[in-house]
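Q: Structure, please.
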Amino acid sequence: MVQVVASVLLSAFLKFLSHPNFIFKNGLFLLAWFYYVPFLFIVPKLSLKKSALAGFAYGFVSYFLFCFWLIRYDVFSAFGVYALFGVYWAVIFALLQIFSKTRKYAFIFNILILFFAEFLFTKGYFAFGYGVSAYTQWKIPVLTRAVRYTKIWGLDFLIIFFNCIVVANISYVLKYRRFNFVQTGGTLFFAVLFIQHIFIGFFAEETETSSTLKTVLIQNNADPRKDGIEQYKKEIESLKRLTDKALMQYPDTQIVVWPETSVVVDVVSAFDKKLRFGRENERSEIAVDLFDYINSKKCDFILGTSFKNYNSALLFSPIKPIVNSRQTVLPNWQVYKKNHLVPFSEDFPLKGFFPEYYQQSVRSGRYWLEGEKMKLLKFKEILIGTPICFEDTFSEIGEKMAKMGADLFISLSNDSWSYSRACQMQHLAAASFCSMENGIPMIRSANSGQTCYIDGFGRVREMIKPFSENFLYCEVEINKVK
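A: Predicted coordinates for the structure are as follows:
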């Protein structure tokens, strides 16, 4: 029993350390190549029931360590997530135990079970990609450059393959004092895949820069615990102050980016109601003040804001008002509405069963509506994909935007509720693969971090200190990796 507990805890702790965490901000990438090894040794020795119990313990503990920051959002929701992954891993351990009876071919089933488990974690309505093995390698370009061709799952398969082949070889040698042809063949196959990744890593090239976009990314570090119309006004004043400071230093800036939900008020709708119905209130005052501010600048703005109950990214292009006119003009605008909402936090999973409660919750601002379709924003000749928050961690969203012709990703995010550098670094690690997979650069404007510039290889070129009021000026090279 002690051996089982020790193996499960060791695997969970190695997983925690391999990803960005509060001890090692970038994570210890080498540990990912071994973090499944301890429990893979022990599962074949257990009964089916004990395997399932061990799997539940592994899933619960590993995600408790890895995603401890979820507790700061909501304790009950956090433990619900930990328990859910406990159930997932109970099933996985049970399958590993069942297929362990195939003996010398067991490692092949182990690879398939673990690989498809990680793959399925990222799919569907309840997708949660945090913890995917490949994310641990985000700082190792010689390995990650191959995901441009294999997507993230090529690297993920490689890591899982290594964990399983190590256990297979050691177990067989300890029992029979020799290798067999199945494990030997598997080892050679792994070597070929690994060398292929390294080869691509050394020889992948970038195209010449086609254009440069001068951008300012604002990190306003607003307190997520504070609410109310007066607080919204203060936050916009803070955003304007940081923007003015940046534009004073970099007057040739072309686009300024404000983070997700940095403007809480639906300014477009508030301004529209003022024009159509003469409805003036504090929200319309905020809209007028903001639009006057934008129209006074020479650059475009991309803002994270609400739009008709959608979590949205709006691109505003200033319009010069008529000379001597005091009337506020709505800037030219485009909108992207977030497609993949966070269950329970942004969307109600049971809305089909409780439609009245759902509609009331949307009207009150408790939940968002889901964006109807994918859309790119356009600045001059540059097409921009604007994934909002954890949308930048989903391969299929980045891929759709790339297929639509995106030249650049501008990600708007807000992880400030977590009060955790580890959470923000885990998000950054996953987001960097969006650039790696599609060969497209990304800039991220995040309320408390990580605000940064990521190139088409997924390398973080520039980043500012988290949990600080600051801005990042970067000249983004618009190109695509071959």
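
Q: Sketch out the strands for the stretch 201-350 of the chain, chain order is fine.
A: 211-219, 255-257, 300-307, 310-317, 332-337 (DSSP state E, counting those that start in this stretch).

Q: Show the low-confidence segments of the stretch 251-400 of the chain, by residue range.
A: 278-279, 322-325 (pLDDT under 70).

Q: Switch the strands of the stretch 201-350 of the chain over to CSV; also include distance to residue 135 and mean neighbour count.
A: Every C-beta, even on glycine, is put in place using the N, C-alpha and C of the backbone. Formatted as CSV, the strands of the stretch 201-350 of the chain follow (distance: least, CB to CB, whole Å; neighbours: other CB atoms under 10 Å):
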stretch, distance to residue 135, mean neighbour count
strand 211-219, 23, 22
strand 255-257, 24, 26
strand 300-307, 24, 24
strand 310-317, 24, 24
strand 332-337, 25, 19
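
Q: Using JSON lines, lay out those strands together with distance to residue 200.
A: Supplementary listing: those in JSON lines, determined by distance: least, CB to CB, whole Å:
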{"stretch": "strand 211-219", "distance to residue 200": "27"}
{"stretch": "strand 255-257", "distance to residue 200": "32"}
{"stretch": "strand 300-307", "distance to residue 200": "33"}
{"stretch": "strand 310-317", "distance to residue 200": "33"}
{"stretch": "strand 332-337", "distance to residue 200": "32"}
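
Q: Please parse the protein into its domains.
A: Here the domain assignment for the chain is 2-203, 211-339+374-478, based on automatic domain parsing.

Q: Compare the ones you listed and give me the one nearest residue 363.
A: domain 211-339+374-478 (7.3 Å; CB to CB).

Q: that older thread, indicate which one of the domains of the chain is closest to residue 367.
A: Nearest to residue 367, of all these, is domain 211-339+374-478, at 8.4 Å by CB to CB.

Q: centre of the chain versus that closest one, how much separation?
A: Distance of domain 211-339+374-478 from the chain centroid (CA atoms, centre = their mean, to the nearest Å) equals 16 Å.

Q: Show the end-to-end separation of it, please.
A: Across domain 211-339+374-478, the terminal residues are separated by 5 Å (CA to CA, to the nearest Å).

Q: Give me the neighbour count for residue 353.
A: Residues near residue 353, counting by other CB atoms under 10 Å, number 9.

Q: That one: what secondary structure?
A: What DSSP: H, G, I helix; E, B strand; the rest coil gives for residue 353 is coil.

Q: Begin at 8, not 1, for the rest of this chat.
A: Okay, using 8 as the starting number, the last item reads as residue 360.

Q: and the gap between it and residue 352?
A: Taking CB to CB, to the nearest Å as the measure, residue 360 falls 19 Å from residue 352.

Q: Residue 485 too?
A: Distance of residue 485 to residue 352, given as CB to CB: 33 Å.

Q: In this model residue 305 seems to touch residue 263, though I could be wrong.
A: No: checked against CB atoms under 8 Å, the pair residue 263 and residue 305 is beyond contact range at 10.5 Å.

Q: Distance from the chain centre to stretch 341-358, please.
A: In this view, stretch 341-358 has its centroid 15 Å away from the chain centroid, taken as CA atoms, centre = their mean.

Q: And it, end to end?
A: End residues of stretch 341-358 are separated by 29 Å (CA to CA).

Q: That stretch: which residues count as buried?
A: For stretch 341-358, burial by neighbour count (16 or more other CB atoms under 10 Å) applies to 341-349, 351, 353-355, 358.

Q: Pull the most distant pair out of these.
A: Using CB to CB, the two most remote members of the buried residues of stretch 341-358 are 341 and 351, lying 29.8 Å apart.

Q: just so I know, which of the strands of the stretch 208-357 of the chain lies nearest residue 430?
A: Closest approach to residue 430 among these (CB to CB): strand 218-226, 15.5 Å.

Q: Just the angle for that closest one relative to strand 307-314, thanks.
A: 50 degrees (axes from the mean of the first three to the mean of the last three CA atoms, to 10 degrees).

Q: What strands line up against strand 218-226, and which way round?
A: When pairs are called by DSSP bridges, strand 218-226 turns out to pair with strand 262-264 (parallel), strand 477-485 (antiparallel).

Q: Highest mean neighbour count out of those strands?
A: strand 262-264 (a mean of 26; mean count of other CB atoms under 10 Å).

Q: and residue 271, what are its phi and psi?
A: Phi and psi for residue 271, reported as degrees, to the nearest 10, are phi -70, psi -40.

Q: May I have the residues that are in contact with it?
A: Counting by CB atoms under 8 Å, 6 or more residues apart in numbering, residue 271 makes contact with 239, 242, 312, 313.

Q: one more time with 10 Å
A: Residues in contact with residue 271 (CB atoms under 10 Å, 6 or more residues apart in numbering) are 229, 234-236, 238-239, 242-243, 290, 293, 311-313, 372.

Q: Kindly report the same for residue 369.
A: Residue 369 makes contacts with 316, 317, 354, 355, 358, 375, 376, as judged by CB under 10 Å, 6+ apart.

Q: Nearest to residue 416, out of these: which one, please.
A: Closest approach between the contacts of residue 369 and residue 416, by CB to CB: residue 317, at 19.3 Å.

Q: what is the spatially closest residue to that closest one that is not a sequence neighbour paired to in the beta sheet?
A: Leaving aside its sequence neighbours, residue 317 sits nearest to residue 344 (CB to CB, 6 or more residues apart in numbering; 4.0 Å). Applying DSSP bridges to residue 344 gives these bridge partners: residue 319.

Q: nearest residue to the most centrally placed residue in the chain other than its sequence neighbours?
A: In the chain, the centroid-proximal residue (CA atoms, centre = their mean) is residue 400; its distance is 3.3 Å. Nearest residue to residue 400, sequence neighbours excluded (CB to CB, 6+ apart): residue 437, at 3.9 Å.

Q: and the gap between that neighbour and residue 431?
A: 11 Å.

Q: again with residue 16
A: Distance from residue 16 to residue 431, by CB to CB: 26 Å.

Q: Tell me which of these two has more neighbours.
A: Looking at residue 16 and residue 431 with other CB under 10 Å, you find the greater number of neighbours at residue 431, namely 25 against 17.

Q: who's in contact with the more buried one?
A: 27, 32, 76, 420, 422-423, 425, 453-458, 473-474 are the contacts of residue 431 under CB under 10 Å, 6+ apart.

Q: out of these, which are buried?
A: Using 16+ other CB under 10 Å as the burial test, the contacts of residue 431 include 27, 76, 420, 422-423, 425, 453-458, 473 as buried.

Q: now the buried residues of stretch 341-358 in CSV, with distance to residue 93?
A: Listed next are these as CSV, based on distance: CB to CB, whole Å:
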residue, distance to residue 93
341, 43
342, 40
343, 36
344, 34
345, 29
346, 29
347, 24
348, 24
349, 20
351, 18
353, 24
354, 24
355, 24
358, 26
